[in-house]
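Participant: sequence first, then the predicted structure:
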Amino acid sequence: MGRLYWKFFFFFMLAQLVTTACAMVFWVHHGVSAPKPPGQVMVGGVLASLAVAALLAWYVLKPIDGLRRALNAAAHGDLDVRIAGNVGRRRDALADLGRDFDITAARLKLLMDGQRRLLHDVSHELRSPLARLQVAVGLVRQDPRNVDAAIDRVEHESIRMDMLIDELLSLSRLEAGIANRQEESVNVAELVSEVVADARFELNAWSAPVGFDVRVESLQFAKVSGNAEQLHRALENVVRNSVRYTPSGGRVHIDGEYDALRREVRLTIADEGPGVGTAELASIFEPFFRGQARPATTGHGLGLAITQRVIQLHRGRISASNRASGGLAVEISLPG
Amino acid sequence: MTTARILLIDDDVDLLDMLRTYLEREEFAVTTINLAATGVEAALSGDHDLVVLDVMMPHMSGVEALRRIRMVSLLPVLMLTAKGDDADCIVGLELGADDYVPKPCTPRELVARIRAILRRTRVGEGVEEAPAVIGSELLKVFPRQRRAECNGKSLDLTSTEFNLLEALARHAGRPVSKCALSEQALGRPLARFDRSIDVHVSSIRRKLGSAPDGRSWIQTVVRQGYQLLAR
């Protein structure tokens, strides 16, 4: 107990002494007929007032002391400390303060763990291309005739790393919520057809036969307000993901509808791939999550995380489910 | 010397293909598998002399795969760990990995580690100069057969653990430095802050139990290394 305790103690005691003194003065001046109390009673009174003052000061200071210790621990990086246990069954402003601290610490811990995991995953993800580059160099050293393949590899890996860093930066900007300044009116039907056109173009380059079923006529006049570039990217990530998991000859289905009642635009992007395990459905929007059924051509695992952040920044919702006929369906709702 | 059969388990298909090419040119027979669960099955099939196992794999981590391999087999395992992630290395070694290589590494380094482990694993090589049995009455090491006995019971040691015990037994009663142990058991110089030897020694201690006088068979000699009790 520090200085504050003694201050409280001093003032409580002072208050009691002043009260007693006033009573004495009143008593003497008005000549109360009762006999004066004996000395022991006076001393006992003073001692009792001391004890009460000490108890009161302790009662107020104890939770503050606990809070201070918890804050100190948090400042030294220990976010597991909780003070709800110390507060007991108290129900007052100090107990509320303790509970607020607990909530803050839990939230901070969650955020920090997330960041730590992300950093860990990022370093792994950046090291994978480096590991391949090192083996490529080793192959050239082993046999200089491998040099052409190695140069291709260097080019390929550097593009991959560049893309990864690009995605990381946009994810981090989205996390910080600073990229959403330019609000404009975006036509969703147009957005969908742009994304599909791009995907078709890329598919031609891969020569993988995947078809598209696009039904967004009902969105012809539907507009959402937001950042067109971000929304394009968000949608593109989902469509690319669907294309990647759809087997050759399969189709990607994109359906759009306008919910006039809730005033929102709803888009469903479904593929004919293997789907995702029920237990993993919630995690597919986490950075660097990868499903069990992993195709040969892989992304970086950041696409859907970026999509989720964009949709959330536009006050929308995104969810994933397995279709009854097989494959994954991602549903996006945006306020229109 | 017959061609050593290497099993590579890693989730990175491109890396596996390139490593396979590299190792095949170094005259190893290589099998590659990109799923930990299938990899464990293959490792237990008995068709391989050494497993190179990546720690960071989705769904079943390399550590878990190693645990499953070690439940039934003492096959030499080399772990590929993320550089700077000491926890993974230590856990891997505790579970009985023979050594680890931080990833990314040059393929030359990987081959050197593979050779170092294989050189010491192969039964029947360099047998001529090895004595038949070393150690004491209670703790016997048979270098030619690569096995050890404690109180008449055969010990289940991984090849690295056996190498360490052999090196200690050769100098029983005298301390052996960690550097020397690293050279002899792992076939590589000890890196600074490398705790591999300590981890291996602690698992050997666990397998040996305590000597008749209650002390640990392997004594730590401060700043000098480890020493095997002479009796």
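Facilitator: Perfect, I can see it now. Numbering: from 1, shown residues only, chains lettered A, B, ... in the order given.

Participant: so who does residue A:63 touch?
Facilitator: Residues in contact with residue A:63 (Cβ atoms under 8 Å, 6 or more residues apart in numbering or on different chains) are A:83, A:86, A:87, A:90, A:94, A:95, A:97, A:98. Bear in mind the C-beta positions are built from the backbone N, C-alpha and C, glycine included.

Participant: secondary structure element for the fourth one, which one?
Facilitator: Translated: residue A:90. Secondary-structure assignment from DSSP states H and E places residue A:90 in no helical or strand segment.

Participant: up against chain B, what does chain A have?
Facilitator: Within chain A, the positions near chain B by Cβ under 8 Å from any Cβ of the partner chain are A:123-124, A:127-128, A:130-139, A:141-143, A:153, A:290, A:292, A:294, A:296.

Participant: kindly recompute the last result at 10 Å.
Facilitator: Residues of chain A that fall close to chain B, judged by Cβ under 10 Å from any Cβ of the partner chain: A:120-121, A:123-139, A:141-143, A:146, A:149-150, A:153, A:156-157, A:277, A:280, A:288-292, A:294, A:296, A:298, A:301.

Participant: which ones among those residues are found in helices?
Facilitator: A:120-121, A:123-139, A:141-142, A:149-150, A:153, A:156-157 (DSSP state H).

Participant: that older thread, let's have the contacts of residue A:63 in TSV, adding pLDDT and secondary structure.
Facilitator: Below are the contacts of residue A:63 laid out as TSV (pLDDT from 0 to 100; DSSP: H, G, I helix; E, B strand; the rest coil):
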residue	pLDDT	secondary structure
A:83	80	coil
A:86	71	helix
A:87	69	helix
A:90	77	coil
A:94	82	helix
A:95	83	helix
A:97	86	helix
A:98	85	helix
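
Participant: report the buried members of these.
Facilitator: A:83, A:86, A:87, A:94, A:95, A:98 (16 or more other Cβ atoms under 10 Å in any protein chain shown).

Participant: is chain A within reach of stretch B:87-105?
Facilitator: Yes. Contact of stretch B:87-105 with chain A (Cβ under 10 Å from any Cβ) involves B:102, B:103, B:104, B:105.

Participant: tell me the contacts of residue A:201?
Facilitator: Taking Cβ atoms under 10 Å, 6 or more residues apart in numbering or on different chains, we find residue A:201 in contact with no residue.

Participant: what's the spacing between it and chain B?
Facilitator: Distance of residue A:201 to chain B, computed by Cβ to the nearest Cβ, to the nearest Å: 25 Å.

Participant: about what we covered before: list just the nearest of the contacts of residue A:63 to chain B.
Facilitator: Comparing these against chain B with Cβ to the nearest Cβ places residue A:83 closest, at 30.1 Å.

Participant: and for that closest one, nearest residue in space, chain neighbours not counted?
Facilitator: residue A:98 (4.4 Å; Cβ to Cβ, 6 or more residues apart in numbering or on different chains).

Participant: so who does the one you found touch?
Facilitator: A:63-64, A:66-67, A:70, A:82-88, A:90.

Participant: could you pull up phi and psi at residue B:48?
Facilitator: The phi and psi values for residue B:48, taken as degrees, to the nearest 10, are phi -130, psi 150.

Participant: ok, it to residue B:109 distance?
Facilitator: Using Cβ to Cβ, to the nearest Å, residue B:48 is found at 21 Å from residue B:109.

Participant: tell me which of these two has more neighbours.
Facilitator: Remark: of residue B:48 and residue B:109, residue B:48 carries more neighbours, 20 against 15, as counted by other Cβ atoms under 10 Å in any protein chain shown.

Participant: need the pLDDT of the more buried one.
Facilitator: Looking at residue B:48, its pLDDT reads 92.
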